[in-house]
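>>> Just to be clear, the model below is a prediction. Sequence and coordinates:
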Amino acid sequence: MAQLGQPKPRLLCSLVHKFGHKGVTHFDSFIEELKQRPSPAVGELFVFVDECHRTQSGKLHRTMKALLPGAVFIGFTGTPLLKEDRATSREVFGDYIHTYRFDEAVEDEVVLDLVYEARDIEQTLGSQDRIDTWFSAKTKGLNDWQKAALREQWGTMQKVLSSRSRMERVVSDIVFDFSVKPRLSSERGSAMLVASSIHEACRYFELFQKTVFKGRCAIITSYNPQAQDVALEETGANTETEKQFLYRTYTELLKGVDPKPGMNRTETYEDEAKKRFIKEPANLRLLIVVDKLLTGFDAPSCTYLYIDKSMQDHGLFQAICRTNRLDGDDKDFGYVVDYKDLFRKVQGAIAVYTSELDDTAGGASPEVLLQDRLKKGRERLDAAREAIALLCEPVLPPRDDLAYIHYFCGNTELPEDLQEREPRRVALYKSTAALLRAYANISDDLPTAGYSVAQIGHIREEMNAWVRLREAIRRASGETLDLKAYEADMRHLIDTYIEADEPRTISNFGNIGLLDLIVGSGMAEAINTLPKGIRSDRRAVAETIANNVRKKIIREHLNDPAFYDTMSALLAEILADLRAARIDHEEFLRQMAGLAQSVTAGNSGDTPAQLDTPGKRALFSNLRSASAGSGPPRTEDGCTPYRTTNDPALELALRLDAAIKRARPNAWRGVLAKEQVIKAALFQELKDVAEVERIFLIVKAQPEY
């Protein structure tokens, strides 16, 4: 309050608990007394209150308003208000200024929609008579009241569902998901498990340590082990109470943890676990929690929330929203897996929950979009199939591989076609990825989702066809190395859900591009690696090879504009000769093999010995092209001969190379003052400002400088 009394701009953060006052016996009289006093605060004050529906209905808020009578209070809440909250919130803050509902956020693509799945782990008891006999034997010496109380405690549904066999099945189910669910198996996604108590959380943690999650799983609860917790716990030599189990689990967990300043060992462990979960999803795959981290904790990689705890209302809504943060194109939804059958009961409760939301502000209905998994899965699959079919609808008959190559890659005689049609290819790749993810999510449940046997067979044929087409287009355009974020995901999906032939064909290529195959293994071997639909069509083979060469020329052009301009002109001439039938297919392949060699090497093969680095060659070819005017002559192979004796361009290139290496400062790119040092060195040799600027762009593109 002293700082608020200063006549200067102020920005303060505080907890509402700071407005508490000890020793107050008559609170109403205390408030009236505060109201009678002049406020110590001066100037205009605006108080922004977070989580206003849960923290501002008690005495602390009344104290704050009494101390700041002239302040404007604006409340924020991330959870829709129920009717029971609404009246109090209205009394405290007045009407809404603005509402932004969950479905609006999904529509605006600032958060993801949620997909819900209930998993029922059935559990049956053995012979009731044997259970009764066992219970009687274990409770000898207890009176009837004690037996009844003990039977009631251990016979509740909560304790039955916490049996070890059930928990082991939950653990096995989660481990299985991490091996087959695309986002989890690619190690880009992580998950949280909500346990119903600290004791169950520790039991789950102990079970996960016996799986592949050992060292990649953490537990965060409100428990902090203290010796006094177990000082009076004693049940015998071979038994362990719940308190002893918690103490032992945490003591072993915290071995080797050195507390940070201002933290105890438990806080240090939890702080490191949260950081790893957010930043290293591949190393910390699963976080086990009870109440902590279910509100306000954001980890974009978190894709699945496994619920094994009875939850409702605000707590449930806040918890499931841990999974709906954006995190790349391969995260389509936040997934909620429910082991407590919450939504079979709570779908009614969710309907009540949303119907009780305050709609007086108008706008979109604030319903929470939790979708039935199979219904939503079928809708996604059908929509993905329709989307990719519409994308390819403009392809002209006969709709063979060559027709698709023309549509997605363009005319190889037009250098700009390949680049201009890149958005089409990206759309195809993304549509294929979306289709495979949609298929993977319900592939094991297609009959249950309502598909007939004939439809399922047709869908699987479609999957194979679209995957083959995607690969053909990627090979034809030379884009086999693009979209790497999808590759691990795609390999997993294909190996798991599609018949094995197609992924084996893809894996044969690995990350080797077509030009590398031509250079390393020869033209014939490179053609044999192409998809069958391409290699059986001579025109498709020609366009695929030409597109790969064109792609390389475009990608490397800035490194040596003069050389790659020459290669581009040569490619255009070879294609024109093929179109005009001046050369046959075999001669075309021979010339393209030579061109591919030159393009991949970055030189035409007759380089002088002095030009022993890419930087020197780039300087020389661009200096030579500038002095040659219309361009240098070509040899029979179509390549430009170097002049190796008494060549001013060669000598100048070598002098420039030496001058740059002498003058270059450390980390000079992007720093204007350091770039001027390079330009000054160039000017000493070139004596022409325009030429300095032209050559500087070449120098900047060379990694060796």
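It's in. Since the model is a prediction, treat every value here as computed from it, not as a measurement.

>>> give me every residue that touches residue 420.
Taking Cβ atoms under 8 Å, 6 or more residues apart in numbering, we find residue 420 in contact with residue 410. For the C-beta atoms, the positions are set from N, CA and C on the backbone; glycine is no exception.

>>> Tell me, what's the model's pLDDT at it?
At residue 420, the predicted lDDT confidence score is 86.

>>> Same check on residue 397?
What the model reports for residue 397 is a pLDDT of 89.

>>> Next one: it from residue 408, what distance?
Using Cβ to Cβ, to the nearest Å, one gets 16 Å for the distance from residue 397 to residue 408.

>>> in stretch 694-705, what's buried?
Going by neighbour count (16 or more other Cβ atoms under 10 Å), the buried part of stretch 694-705 is 694-696, 698-699, 701-702, 705.

>>> and which of these is nearest to residue 183?
residue 701 (37.5 Å; Cβ to Cβ).

>>> Isn't that closest one up against residue 559?
Yes - if you go by Cβ atoms under 8 Å, residue 701 and residue 559 touch, sitting 5.0 Å apart.

>>> Give the residues shared as contacts by these two.
Shared contacts of residue 701 and residue 559, defined by Cβ under 8 Å, 6+ apart, are found at residue 618.

>>> which residues in the stretch 351-500 of the chain form strands?
In the stretch 351-500 of the chain, the segments counted as strands under DSSP state E, counting those that start in this stretch are 370-372.

>>> shaky segments in it?
Within the stretch 351-500 of the chain, the ranges that satisfy pLDDT under 70 run 351-373, 415, 444, 478-500.

>>> dump the residue contacts of the closest residue in space to residue 660 that isn't next to it in sequence.
With Cβ to Cβ, 6 or more residues apart in numbering as the criterion, residue 660 has its nearest non-adjacent residue at 5.6 Å, and that residue is residue 705. Contacts for residue 705 (Cβ under 8 Å, 6+ apart) come out as 615, 660-661, 664, 678, 699.

>>> how would you label residue 281: helix, strand or coil?
coil (DSSP: H, G, I helix; E, B strand; the rest coil).

>>> That one: neighbouring residues, count only.
Using other Cβ atoms under 10 Å, the number of residues around residue 281 comes to 23.

>>> didn't it look like it was pressed against residue 189?
Yes - judged on Cβ under 8 Å, residue 281 makes contact with residue 189 at a distance of 6.4 Å.

>>> shared neighbours of those two, which are they?
301-302.

>>> What about residue 272, how many residues nearby?
Number of residues near residue 272 (other Cβ under 10 Å) recorded here: 14.

>>> And residue 329, by the same measure?
Neighbours of residue 329 under the rule other Cβ under 10 Å: 14.

>>> Against residue 197, how distant is it?
Distance of residue 329 to residue 197, given as Cβ to Cβ: 38 Å.

>>> okay, now the domains of this structure?
Per the record, the chain has its domains at 16-107, 114-123+161-368, 374-602, 606-705, by automatic domain parsing.

>>> Turn these into JSON lines, including distance to residue 7.
Shown next, in JSON lines, are those (distance: least, Cβ to Cβ, whole Å):
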{"stretch": "domain 16-107", "distance to residue 7": "6"}
{"stretch": "domain 114-123+161-368", "distance to residue 7": "34"}
{"stretch": "domain 374-602", "distance to residue 7": "55"}
{"stretch": "domain 606-705", "distance to residue 7": "44"}
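
>>> so which of the ones you listed gets nearest residue 1?
Short answer: domain 16-107, nearest of those by Cβ to Cβ, at 4.9 Å.

>>> any idea of the mean pLDDT for that closest one?
Domain 16-107 comes out with an average pLDDT of 74.

>>> Then stretch 303-321?
The average pLDDT within stretch 303-321 is 81.

>>> quick one: terminal-to-terminal distance for that stretch?
10 Å (Cα to Cα, to the nearest Å).

>>> How about stretch 33-43?
End-to-end distance (Cα to Cα), stretch 33-43: 22 Å.

>>> How far off centre is it?
51 Å (Cα atoms, centre = their mean, to the nearest Å).

>>> pLDDT of the helix or strand that contains residue 593, averaged?
Using DSSP states H and E, residue 593 sits within helix 585-601. Average pLDDT, helix 585-601: 80.

>>> Can you point out the buried residues in it?
588-589, 591-600.

>>> Tell me how far that helix lies from the chain's centre.
Helix 585-601 sits 41 Å away from the centroid of its parent chain (Cα atoms, centre = their mean).

>>> Report all helices and strands that that helix contacts.
With contacts taken as 3 or more Cβ pairs under 8 Å, 6 or more residues apart in numbering; DSSP states H and E, helix 585-601 sits against helix 514-521, helix 523-528, helix 538-556, helix 561-579.

>>> quick one: the last one to helix 538-556, angle?
The reference is to helix 561-579. 170 degrees (axes from the mean of the first three to the mean of the last three Cα atoms, to 10 degrees).

>>> With neighbour numbers in mind, choose between residue 397 and residue 408.
Per other Cβ under 10 Å, whichever of residue 397 and residue 408 has more neighbours is residue 408, with 26 against 6.

>>> who are the neighbours in contact with the more buried one?
If a contact means Cβ under 8 Å, 6+ apart, then residue 408 has 421, 424-425, 428, 473, 476-477 as its contacts.

>>> Could you identify the most distant pair in those residues?
Across the contacts of residue 408 (Cβ to Cβ), the longest gap, 12.5 Å, separates 424 and 476.

>>> In terms of neighbours, single out the busier of those two.
A count of neighbours by other Cβ under 10 Å puts residue 476 above the other of residue 424 and residue 476, at 31 against 17.

>>> Which pLDDT value goes with the nearest residue to that one once chain neighbours are set aside?
Nearest residue to residue 476, sequence neighbours excluded (Cβ to Cβ, 6+ apart): residue 544, at 4.2 Å. We have a pLDDT of 79 for residue 544.

>>> I figured residue 544 was touching residue 405, is that so?
Yes - proximity of residue 544 to residue 405 meets the contact threshold set by Cβ under 8 Å, at 6.9 Å.

>>> out of those two, which sits in the more crowded spot?
Taking neighbours as other Cβ under 10 Å, residue 544 and residue 405 compare with residue 544 leading, 29 against 26.

>>> I'd like the distance between the more buried one and residue 420.
Separation of residue 544 from residue 420 (Cβ to Cβ): 18 Å.

>>> And residue 305, by the same measure?
Taken as Cβ to Cβ, the span from residue 305 to residue 420 is 43 Å.

>>> so where do the helices sit in the stretch 401-550 of the chain?
With helices called from DSSP state H, counting those that start in this stretch, the stretch 401-550 of the chain shows them at 401-409, 415-420, 422-442, 453-477, 487-497, 501-509, 514-521, 523-528, 532-535, 538-556.

>>> Repeat that for the stretch 251-400 of the chain.
Taking DSSP H, counting those that start in this stretch as the criterion, the stretch 251-400 of the chain carries its helices at 265-279, 313-320, 342-355, 373-392.

>>> among the ones you listed, which is the most enclosed?
Each of the helices of the stretch 251-400 of the chain was scored by mean neighbour count; the highest is helix 313-320, a mean of 20, by mean count of other Cβ atoms under 10 Å.

>>> just the CA coordinates of it, formatted as PDB?
C-alpha atoms of helix 313-320 as PDB (Å, rounded to 0.1, in the frame of the first residue of the first chain):
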ATOM      1  CA  ASP A 313     -16.700 -29.400 -13.200                       C
ATOM      2  CA  HIS A 314     -13.800 -26.800 -13.100                       C
ATOM      3  CA  GLY A 315     -11.100 -29.400 -12.200                       C
ATOM      4  CA  LEU A 316     -12.100 -31.700 -15.100                       C
ATOM      5  CA  PHE A 317     -12.300 -28.900 -17.700                       C
ATOM      6  CA  GLN A 318      -8.900 -27.400 -16.600                       C
ATOM      7  CA  ALA A 319      -7.200 -30.800 -16.600                       C
ATOM      8  CA  ILE A 320      -8.300 -31.900 -20.100                       C
END
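
>>> All the strands of the stretch 51-200 of the chain, residue numbers only.
For the stretch 51-200 of the chain, strands defined by DSSP E, counting those that start in this stretch occupy the ranges 72-75, 114-118, 190-195.

>>> Many thanks, we can stop here.
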